[in-house]
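**Student:** Next comes the sequence, and after it the predicted model I'd like to discuss.
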Amino acid sequence: MLPAFYASCSEMLSKWEEIVPNEKSFELDVWPDLQIRTSEVISHIAFGSSYEEGRMVFELQQEQDEDVIEKGQSIYIPGSRFLPTKRNKKMLEIEEQVQTTIRRIIDKRLRAMEGGETSKDDLLGILLESNLKEIELHCRKDFGMTISEVVDERKLFYFAGQERTSVLLVWTMILLCLHPEWQVRAKEEVLHIFGNDKPDLEGLNSLKIVTMILYETLRLFPPLPVFGRRTSEEVKLGDLNVPAGVILIIPAILVHYDKEVWGEDAKKFKPERFSGVSKATKGQVSFIPFIWGTRVCIGQKFAMMEAKMAIAMILHKFSFELSPSYTHAPFATIIIHPQYGAPLLMRKL
């Protein structure tokens, strides 16, 4: 995965180096580029050699995400999604394209594997190979995943991997502009550990300041500010008995801003809270940017490693501050993103 992280970030930074003049600051909205970068990483890791087709799928899914966000901001009329409106027809067409394209990729890969070709070093290949082994082990197809389930897994991986990582990166850069002393500390750590060498796994795992900054960013701007859980059995919450089958809405962002847990300065950016992660909160479930429990986000290590790589490479090449045109407007739909983008004044080092 690290080569994919490095290659995509290098491409983005090369673009920025061409745009930003020497010895001068230049205004650049980094938000679109961070979205494209994380999308390309997910495309490579999810589909490998089928990257181009995978990227087309993700571009279509971006339109689906925008539709969900738009509807979430509108008054809901029960049954309205079944009406033959222009928008609904377009969304149906997009869904058919997504399904058809992913199934074509899967069928092509399955034929290659049945012909003796080893699985590719990507998530699709790993998933299909594991699925085939499960079917062979039990000699029953119903023990494996259906093609529809594989398709749904690909779609979910895109949303979780692309959206969450891109918002983590953009808010980290914004917060480092608002708190330049931490940008300096993070830059010094990156230069101390890597110098002019390419970031490697051992070095990324050694980044303490950068990790503290990322954790504090996740606390203040959790990628999924609200999530739901269904009770599988009756459970007691304080004085309340909740029966099985009830959907509970957990506001992660309120937990992250709870002064009883984080102190009177809960709304302030203080990465030192995480200088010892086990000491950061009074309880384990007070910090839940990747949710918690058996349904915890399985991609959290992936997201953190990708974010460390990107921030380390950006700090190695640039310093940055907020542009006068920046408007601080965190906008929450499914995720929290900067409503008016992230125009920053970038300067080459």
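**Tutor:** That came through fine.
**Student:** The nearest residue to residue 88 once chain neighbours are set aside - how many residues pack around it?
**Tutor:** In this structure, residue 88 finds its nearest non-sequential neighbour in residue 81, 6.2 Å apart by CB to CB, 6 or more residues apart in numbering. (Each C-beta comes from the backbone N, C-alpha and C, glycine too.) Here the count is done by other CB atoms under 10 Å, and residue 81 has 14 residues near it.
**Student:** Same check on residue 266?
**Tutor:** Number of residues near residue 266 (other CB under 10 Å) recorded here: 16.
**Student:** I figured it was touching residue 253, is that so?
**Tutor:** No: in this structure residue 266 lies outside contact range of residue 253 using CB atoms under 8 Å: 11.1 Å.
**Student:** At which residues are the strands of the stretch 201-349 of the chain located?
**Tutor:** Counting by DSSP state E, counting those that start in this stretch, the stretch 201-349 of the chain has strands at residues 226-230, 235-237, 240-242, 247-251, 318-322, 330-332, 336-338, 343-348.
**Student:** Can you lay out the ones you listed as a markdown table showing distance to residue 33 and mean pLDDT?
**Tutor:** Compiled in a markdown table, the strands of the stretch 201-349 of the chain are given as follows (distance: least, CB to CB, whole Å; pLDDT from 0 to 100):
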| stretch | distance to residue 33 | mean pLDDT |
| --- | --- | --- |
| strand 226-230 | 28 | 84 |
| strand 235-237 | 43 | 88 |
| strand 240-242 | 44 | 91 |
| strand 247-251 | 31 | 87 |
| strand 318-322 | 12 | 98 |
| strand 330-332 | 19 | 86 |
| strand 336-338 | 13 | 91 |
| strand 343-348 | 11 | 98 |
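**Student:** just to revisit the earlier point, tell me the confidence at the residue nearest to residue 88?
**Tutor:** As predicted, residue 81 sits at a pLDDT of 75.
**Student:** ditto for the one 10 residues further on
**Tutor:** As summarised for this prediction, residue 91 has a pLDDT of 88.
**Student:** contacting residues for it?
**Tutor:** Residue 91 sits next to 63-64, 67 when contact means CB atoms under 8 Å, 6 or more residues apart in numbering.
**Student:** thinking again about what came up before, a markdown table for the strands of the stretch 201-349 of the chain, including distance to residue 92 and mean neighbour count?
**Tutor:** Shown next, in a markdown table, are the strands of the stretch 201-349 of the chain (distance: least, CB to CB, whole Å; neighbours: other CB atoms under 10 Å):
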| stretch | distance to residue 92 | mean neighbour count |
| --- | --- | --- |
| strand 226-230 | 26 | 12 |
| strand 235-237 | 39 | 10 |
| strand 240-242 | 37 | 10 |
| strand 247-251 | 27 | 11 |
| strand 318-322 | 42 | 19 |
| strand 330-332 | 27 | 14 |
| strand 336-338 | 26 | 20 |
| strand 343-348 | 36 | 19 |
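**Student:** so where's this structure shaky on pLDDT?
**Tutor:** Within the chain, the stretches with pLDDT under 70 are 48-55, 69, 72-73, 118-121, 135, 138-145, 147, 153-162, 277-284, 293-299.
**Student:** Give me the buried positions along the single longest helix found in it.
**Tutor:** Using DSSP state H, we find that the single longest helix of the chain is helix 86-114. The neighbour-count check on helix 86-114 (16 or more other CB atoms under 10 Å) flags 91, 94, 98-99, 101-102, 105-106, 109, 112-113 as buried.
**Student:** for the helix or strand following it, which positions count as buried?
**Tutor:** Sequence order places helix 123-138 as the next helix or strand after helix 86-114, per DSSP states H and E. Buried residues in helix 123-138, counted by 16+ other CB under 10 Å: 123-125, 127-128, 131.
**Student:** ok, so of those, who is nearest residue 272?
**Tutor:** residue 123 (35.9 Å; CB to CB).
**Student:** Let me know whether that closest one touches residue 43 as I believe.
**Tutor:** No: with contact defined as CB under 8 Å, residue 123 does not reach residue 43; the gap is 10.9 Å.
**Student:** Now residue 267. Nearest residue, chain neighbours left out?
**Tutor:** The nearest residue in space to residue 267 (CB to CB, 6+ apart) is residue 257, at 6.1 Å.
**Student:** for residue 24, same thing?
**Tutor:** residue 347 (7.3 Å).
**Student:** State the distance from the one you found to residue 257.
**Tutor:** Distance, residue 347 to residue 257, using CB to CB, to the nearest Å: 33 Å.
**Student:** now residue 209
**Tutor:** Relative to residue 257, and taking CB to CB, residue 209 is found at 23 Å.
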